[in-house]
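Trainee: Turn this into a model:
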Amino acid sequence: MELQEMTSRERFLRALRLEETDRVPITFSYVDPYRELTDQERRLGFDRFHRLVREETDVMLPRGPKAPGIYFSSTKEARIESKTWEEGDTTFRCDTLYTPEGELEAKRKSEREVFTSWTYEGFIKTEEDVEKILSIPYEPLEIDITPVEEAQERVGSDGIVATGVGDPICSCAEIFTLRDYALTATRNPRLIKRLLDFFGKRTLDYVKATAEQTQDVFYRVVGPEYVTPPILNPKFFDEYVVPYDRELIKAVKKTDNIACIHCHGLLRTVMGGMRKIDPQALEPIEPVPKGDIPLNDVKERLGDRTCLMGYIQYNDLEFDTPEIMRKKVRSAIQQGAAGGGYVLFPTAEPIARINDRMLANMREFVSAGRKYGQRY
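Mentor: Numbering: from 1, shown residues only. Below you'll find the model as predicted:
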């Protein structure tokens, strides 16, 4: 019997809970289509993209609570001061972290018309610097859930609200440069474990306190990709990721919310670890050849307990033709949607200009998702 048409909210929540839906949910990666765009974003084509998201998709609206502090602590004994400057098309930023044991500096840069940045100098440069991080006292954050509640009211039946948290390994990795993190995590597990334990309790307390105040919110736990190839040998996954993320996921699942793991990169060798973590959703699942495991294999290994989201490469939206995009959407739905528990979802959000070709592919992504997603 054909199901009655659902609202986007109903469709999302049923798919994420592995229940039957009227069609596959279709969404873009954590886009707020209601916010006021800057003049620069309009010049780069984001107005047309946001209109598409707002009018044609199941919206996943990103929003977090207000929880001011440093490394999940509201302590007054540490603070960060930042300064920025421009050199040509590059914007530089220097953050100075003041701790009870001394100062640390980190430096990042971004390019004009590109909405992301790169760390070229991390807070941690020596083993002694780690002691400065560890000296930051822990006082649980004061959490104001109002922004999440307002976002739920704003999106209404047109979608759901998503909030995110970096897991302990994410917090570790982001205080180094990527190179220094990979070298330290490989050569000095003892030091990484000290940092993981430092971040672990704080992160878990934050997730518990937040999730207990919300309902039907999508909690995205970010960070496991830092322990997958090509960044790190996956032999560390059970030590650096599983025990911490399993507790974060468990804390969310004890409430009326959705617990998701976000993990780019190569997944084949960490499927066993993902099974141990046991999330309700996994995204974005990089398609072959950038990824290393077909979606139907992930479905076979995890699909009885986990909703799968993704398998459409973001770069393909930029470079494919609509005809090729249609075939990829059809293949993803055929592999992931059988029996329910699949969301059509690209692997990333736009970070630069949205030209006519990309917009055409985005429209085809939505159109094909509606056409082929009706079968499941």
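Trainee: ok, and for the host helix or strand of residue 200, which residues are buried?
Mentor: Under the criterion of DSSP states H and E, residue 200 resides in helix 189-211. By neighbour count on 16 or more other Cβ atoms under 10 Å, the buried set for helix 189-211 is 192, 194-196, 198-200, 202-211. (Glycine included, C-beta is placed from N, CA and C.)
Trainee: What segments of the stretch 101-250 of the chain are helices?
Mentor: 127-134, 146-155, 168-173, 178-187, 189-211, 237-240, 242-253 (DSSP state H, counting those that start in this stretch).
Trainee: List the contacts of the second one.
Mentor: Residues outside helix 146-155 that contact it (Cβ atoms under 8 Å, 6 or more residues apart in numbering) are 9, 34, 59, 61, 63-66, 161, 163, 214, 216-217.
Trainee: Which pair in those residues has the greatest spatial separation?
Mentor: With distances taken as Cβ to Cβ, the most widely separated pair in those is 9 and 66, at 23.9 Å.
Trainee: I'd assumed residue 368 was in a helix, is it?
Mentor: Yes: going by DSSP: H, G, I helix; E, B strand; the rest coil, the assignment for residue 368 places it inside a helix.
Trainee: With adjacent residues omitted, what lies nearest to it?
Mentor: Nearest non-adjacent residue to residue 368, counting by Cβ to Cβ, 6 or more residues apart in numbering: residue 329, 3.9 Å away.
Trainee: what secondary structure does that neighbour sit in?
Mentor: Classification of residue 329 using three-state DSSP returns helix.
Trainee: Distance of it relative to residue 98?
Mentor: Remark: distance between residue 329 and residue 98 (Cβ to Cβ, to the nearest Å) = 50 Å.
Trainee: Among the two, which residue is more densely surrounded?
Mentor: A count of neighbours by other Cβ atoms under 10 Å puts residue 329 above the other of residue 329 and residue 98, at 25 against 16.
Trainee: Contacts only, for the more buried one.
Mentor: By Cβ under 8 Å, 6+ apart, the contact list for residue 329 reads 312, 344, 364, 365, 368, 369, 372.
Trainee: ok, 10 Å please
Mentor: Contacts were defined as Cβ atoms under 10 Å, 6 or more residues apart in numbering; by that measure residue 329 touches 24, 26, 311-312, 344, 364-373.
Trainee: And for residue 7?
Mentor: 13, 22, 58, 156, 157, 158, 159.
Trainee: pretty sure the fourth one is in contact with residue 9, am I right?
Mentor: It refers to residue 156. Yes: in this structure, residue 156 is within contact of residue 9 by Cβ atoms under 10 Å, at 7.4 Å.
Trainee: okay, and the common contacts of the two?
Mentor: Residues within reach of residue 156 and of residue 9 at once, by Cβ under 10 Å, 6+ apart, are residue 59.
Trainee: between those two, who's got more neighbours?
Mentor: Neighbour count, other Cβ under 10 Å: between residue 156 and residue 9, residue 9 has more, with 19 against 11.
Trainee: quick one: secondary structure of residue 265?
Mentor: With three-state DSSP as the criterion, residue 265 reads coil.
Trainee: can you pull the contacts of it?
Mentor: Counting by Cβ under 10 Å, 6+ apart, residue 265 makes contact with 224-232, 234, 286, 290-292.
Trainee: Going by neighbour count, which of those residues are buried?
Mentor: By neighbour count, with 16+ other Cβ under 10 Å, the contacts of residue 265 hold 224, 225, 226, 227, 228, 231, 232, 234, 286, 291 as buried.
Trainee: Reformat these as JSON lines; add pLDDT.
Mentor: Formatted as JSON lines, these follow (pLDDT from 0 to 100):
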{"residue": "224", "pLDDT": "98"}
{"residue": "225", "pLDDT": "97"}
{"residue": "226", "pLDDT": "98"}
{"residue": "227", "pLDDT": "98"}
{"residue": "228", "pLDDT": "96"}
{"residue": "231", "pLDDT": "95"}
{"residue": "232", "pLDDT": "96"}
{"residue": "234", "pLDDT": "96"}
{"residue": "286", "pLDDT": "96"}
{"residue": "291", "pLDDT": "94"}
